[in-house]
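# Give me coordinates for this.
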Amino acid sequence: MDNLKSKRRTRAVNFRLSEEEFRELKRASAIRGARSLSDFARTAVWQMVTAGTTAEPAFHAGRLEDGLAQVQQQLSEIMGRLSACERYSKTEEPEAAGVKKRTA
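Here you go, the predicted structure:
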């Protein structure tokens, strides 16, 4: 990264983004305290180039949030089932605890 700061910049690269992509880029830039959006984008691209990877940048917050929402939903379902099991274990009438009685 020292290379980025020590060289004079004389070339420009332009690319278009959707509104959603632009919002995510601005958000990620702000979260990381970048000096500017250009500085953030340049650093992210440079890190990918020097790492020798074509993988998506780790700052793609939207996908991380979607994954987290799925985990939270699954955890909520698990907690609900545990709560039903706990109610079942404390009562002699499973239907009152919201648990259907199994028949053999």
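# Counting by contacts, list what the longest helix seen in the chain packs against.
Longest helix in the chain, counting residues (DSSP state H): helix 61-89. Here helix 61-89 is seen to pack against helix 19-31 when contacts are counted using 3 or more CB pairs under 8 Å, 6 or more residues apart in numbering; DSSP states H and E. Any C-beta I mention is one placed from the backbone N, CA and C, and that applies to glycine too.
# Direction-wise, compare the helix it packs on with helix 61-89 and give the angle.
80 degrees (axes from the mean of the first three to the mean of the last three CA atoms, to 10 degrees).
# Return the set of buried residues in helix 19-31.
24-25, 28-29 (16 or more other CB atoms under 10 Å).
# Show me what that helix is packed up against.
Using 3+ CB pairs under 8 Å, 6+ apart, helix 19-31 sits against helix 37-51, helix 61-89.
# Reformat these as CSV; add mean neighbour count, mean pLDDT and distance to Lys7.
Output for these, formatted as CSV (neighbours: other CB atoms under 10 Å; pLDDT from 0 to 100; distance: least, CB to CB, whole Å):
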stretch, mean neighbour count, mean pLDDT, distance to Lys7
helix 37-51, 14, 87, 11
helix 61-89, 11, 85, 30
